[in-house]
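Chemist: 3D model of this:
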Amino acid sequence: MSTYTLEMSVPSSIMVECPMCRKETLHEVLSGKIGGKTQMVLESTVRCKECGHVHHAVLKAEKPVELPVIISWLERSTRSSVSIGPEEVLTIDDEIMCGEDPVLITSIESHGARVKAAKGRDIQTIWGKKFDKVRVLFSVNHLGKSYSEQVLAVPDEEFFVGDMMKVGKHEVVIHAIKIKDKSLRTGSALARDIIRVYANIVRRTSH
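Modeler: Alright, predicted model coming up:
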């Protein structure tokens with residue numbers, strides 16, 4: 001009998017071993033119920049889609065664990081939660097959904113220590129940042145002086161070296177983009193990967 005991740009509602013079909021076919025096949029669930037305390041147990045009457053044989057099947061899966069998530073966004077932090085399987089592994093930089101919010105994991109606490117990855121059963125707290133938009137940091141140069149600006153962008157928005165855009169009150173042109181392991185003098189990068197964008201204020205001349 002195979003392991004199956006059960007939803008709280010009875011599924012319409014499952015993969016189980018058919019006693020007639022003598023192999024694991026897709027079965028239609030004719031009727032069933034879910035119960036169990038420490039495990040989710042699906043007891044069902046199923047029909048093999050290969051040979052049509054009807055039989056009883058029992059599937060067991062560990063119940064998901066609900067983990068607290070602390071989500072940062074701009075200057076605020078909020079609390080939420082996520083449900084995952086006890087054996088499911090989460091790692092830093094994974095993307096998870098907390099309600100309707102996409103969240104990028106930035107830190108994981110397991111057994112009182114910060115770790116890069118852990119199974120759901122071993123996680124105490126998850127820290128993350130809201131990921132529907134990210135802050136892209138700019139260093140803007142003008143007359144030999146630099147100052148910091150930022151823009152909000154969706155994670156998959158591309159920024160191109162040579163692009164002109166408005167940052168704060170000024171029109172700027174991008175001359176370099178720093179990502180995790182290098183600086184780009186040509187090409188583009190996604191907002192999610194950018195550490196800092198370097199730009200010059202565009203001088204307007206009158207004719």
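Chemist: give me the phi and psi for Arg192.
Modeler: Arg192 adopts backbone torsions of phi -60, psi -30, taken as degrees, to the nearest 10.
Chemist: most centrally placed residue in this protein?
Modeler: Geometric centre of the chain, nearest residue: Glu95, 1.5 Å, by Cα atoms, centre = their mean.
Chemist: okay, that one: pLDDT?
Modeler: For Glu95, the pLDDT comes out at 85.
Chemist: and Glu43, by the same measure?
Modeler: With respect to pLDDT, Glu43 scores 89.
Chemist: what's the first helix or strand after the helix or strand hosting it?
Modeler: Secondary-structure element containing Glu43, defined by DSSP states H and E: strand 39-48. For strand 39-48, the following helix or strand on the C-terminal side (DSSP H and E) is strand 54-62.
Chemist: and that next one, what does it pack against?
Modeler: The contact analysis (3 or more Cβ pairs under 8 Å, 6 or more residues apart in numbering; DSSP states H and E) places strand 54-62 against strand 13-18, strand 39-48. (C-beta placed from N, C-alpha, C; glycine too.)
Chemist: list the buried residues of the shortest one.
Modeler: Think strand 13-18. Neighbour-count burial for strand 13-18 flags 14, 16, 18 (criterion: 16 or more other Cβ atoms under 10 Å).
Chemist: and the least confident of the residues you listed?
Modeler: Within the buried residues of strand 13-18, pLDDT is lowest for Ile14, at 83.
Chemist: how much space between that residue and Arg203?
Modeler: As judged by Cβ to Cβ, to the nearest Å, Ile14 and Arg203 stand 67 Å apart.
Chemist: hmm, Val140 is touching His175, no?
Modeler: No: using Cβ atoms under 8 Å, Val140 is not in contact with His175; the gap is 10.6 Å.
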